[in-house]
Structure formats: structure tokens, C-alpha cells
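[1] give the three-dimensional model of this entry:
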Amino acid sequence: MATFLPSNALIPQTNTPSLIAKDSAANLTLDYLKTINRKGGPIPSEYLEMNLAMNTLAQLHHSGDISNADLESIRTELGEAMTPKTIQGFAYTQPHGYAGDFEIIEKIYKNHVTPEPHLANWDIFFQAHPAAQAVRNRVSFFLDQVWSVKEQPGRKARILNVASGPGRDLHECLNIMGPSGLHFDCVDQDLHAIQHATHLCQKYTSSITFYHQNIFKFTANKTYDLIWSAGLFDYFSDSLFKRIIKRLLPFLEKSGKLVVGNFSDDNPSQDYMEFFKWLLHHRSSKKLQQLAQECGIPSSNIQVQREPEGVNLFLIISGNG
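    Numbering: from 1, shown residues only. Okay, the predicted model is just below:
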């Protein structure tokens, strides 16, 4: 669990902690959130204290001092701020049926802020978080990976984009590099995500093939120079993580690479994300390397990189070419 500030900063200080009622910190935090909400959400000078409130709630929840029902009551108290009118509310209510859907990822990429003035501060707060910036940083990391495989003798470079979502990274890549010498196969289980990405990338349809499939069932009749999956594996348990790695490895060109994104376990936005139920399997660089080795991949073929925020890690597995 990440923290921005010492966890006791909102809790009354005393030399006899046993005298503090268990719900004191929860009540103080709830009162603080109500105050912030009444005035339209936090402003930048309040971000540290707001994040501390999220840290406090997370610690109280993990220690058992407040229940899931208590947390739900706190969310309810925030009213419109926890509806799809805000990004945090969109994540919480999951209108597409799952966390981290294509629409919220697109909102993050585009730095979206709700047009409703009384809720705008909540979106500005969301977009200021390291986790949101880390998502935006995926685009440039993706471009670097595509550049590294673009020149293939006598053929187009083949890229598989797993859980391709809104297609924003693809769109930016093709806008910058042009479609020459590249072909992308994009797999997503959400038909709405594919429809959105198809419309967004309509200038480049000859360079993209979309597959409306679950990655657990997807099979390829070719190998790829780059297999990219930025926002899928941190929803998987360790066993599913390894299962999909093993499933994808046969599709990897001998000289290619498989790149898998995963939020770091020191993500400073974790408590805030968990408040609105965006739940991930956060992992360390060491853990990602361990999982790859447990798939039978030699350590010499494994590296872990990170985007500039240090929040999004990328497990890079090289082929055996």
C-alpha cells in the first residue's frame, strides 16, 4: 500500500493511543471528504491532504477497523462525484462491466475533464495522479518499442497488440511513423473498444486487423516481431499471468520481443484507485522477473523497464533468435 504522507497526520495525536476510538480516524476522514466534496472537489493545494485521506481509509480498511460496508457508505456520501460524470465515478460504476475499460483509458490519454463545473476539480485531481500520467506515458514507450522492430528485411514488421483498448497508442504511432512497413493485429474482448479504435484509426485500416476475441482463445497463424500488452496483465493472478505468457510465447518471432505492462507495487496512486474499486495486481520488478523465469524463460532474455513516472513497469522478454 502506497503512502504520500505519514499515515497518522489526520489522526488525533496522543500519548495513549488506546484512548482513541476505532472510528475516530474514519470519522475525521469522512468529515474531511464531505467538506472537500461540498466545495466541488480538491484544488491543487489540497492534493497532499486528499491523498492522505485515501491512505488513511486504506490503512483502516486493511487493518479491519472499517468494513467494506463502511467504505461503501463513504463513497455514497460523495454523491455525484462517484457517478459516471467524473472519471473516478466512471471507474467505480463500471458502465462497460469491467474496470479499466477502453473509455476510461481514452479519457486518461486525452486528459479529459468533465464539462460540469461543479465536478471538474475531481477530474483535474484524478488526472494529476502519477498513475494517470503513467498511463499517458505508455504511448511514447509503445512508439519506442515499435521503432525498434520496424525495419524488417523484405517484409512488414508484424505487431500483436493484446487488449488493444481504445487504440490511442496505435493511432499516435501510425500518425508519427506512417503505416509503411508495419502491420498490427489487435485483440480485444470488448466489441465497443474495437468499434472505437476502428473509427479512431480509420485512415490506417489497411495496416490494422482487429480481432474480437478473448486472449485465452486467440490463436495466430503467424509470428510477431513485437507482442505488446500494456494494460491487461495486472488484472491477472500470478497463475493466469504465467498461463498467458506461455500462450503468447509461441507467437513470438525468434528475434522479436514480448512487452507486458504492469503497475508497480510502489504506485503512489494505489490507495486512491482502490477507493473507487480500480483493483490491480501491483508487482515489483523482481516479481515480474520471477514470473517470467517460472515460465521457463532464461534470465538473460528478461529485463524490466519503466516509464518516467516509475509507476508502470514493463516486462520485456526477448526471443531466442
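[2] quick check: longest strand of this structure.
    Secondary structure assigned by DSSP state E gives strand 252-263 as the longest strand of the chain.
[3] buried set for that one?
    Buried residues in strand 252-263, counted by 16 or more other C-beta atoms under 10 Å: L252, E253, G256, K257, L258, V259, V260, G261, N262, F263. For every residue, glycine as well, the C-beta is placed using N, CA and C.
[4] in the sheet, who's paired with the fifth one?
    Listed by DSSP bridges, the beta-bridge partners for L258 are I227, I317.
[5] that older thread, max pairwise distance over the buried residues of strand 252-263: which two?
    Among those, the pair separated by the greatest distance (C-beta to C-beta) is E253 and F263, at 27.6 Å.
[6] and the host helix or strand of L143, what does it pack against?
    If you go by DSSP states H and E, L143 is part of helix 130-149. Packing partners of helix 130-149 (3 or more C-beta pairs under 8 Å, 6 or more residues apart in numbering; DSSP states H and E): helix 102-109, strand 157-162, helix 168-177, strand 224-229, strand 252-263, helix 270-275, strand 312-318.
[7] again, 6 Å this time
    The contact analysis (3 or more C-beta pairs under 6 Å, 6 or more residues apart in numbering; DSSP states H and E) places helix 130-149 against helix 102-109, helix 168-177, strand 224-229.
[8] now do the shortest one against strand 157-162, angle only.
    By that I understand strand 224-229. With axes from the mean of the first three to the mean of the last three C-alpha atoms, to 10 degrees defining the directions, strand 224-229 sits at 20 degrees from strand 157-162.
[9] picking up where we left off before, could you export the helices and strands packed on helix 130-149 as TSV, including mean pLDDT and distance to L279?
    TSV is the format used below for the helices and strands packed on helix 130-149 (pLDDT from 0 to 100; distance: least, C-beta to C-beta, whole Å):
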stretch	mean pLDDT	distance to L279
helix 102-109	97	14
helix 168-177	96	23
strand 224-229	98	18
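[10] any chance of the ones you listed in TSV with distance to N320 as columns?
    Shown next, in TSV, are the helices and strands packed on helix 130-149 (distance: least, C-beta to C-beta, whole Å):
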stretch	distance to N320
helix 102-109	33
helix 168-177	26
strand 224-229	14
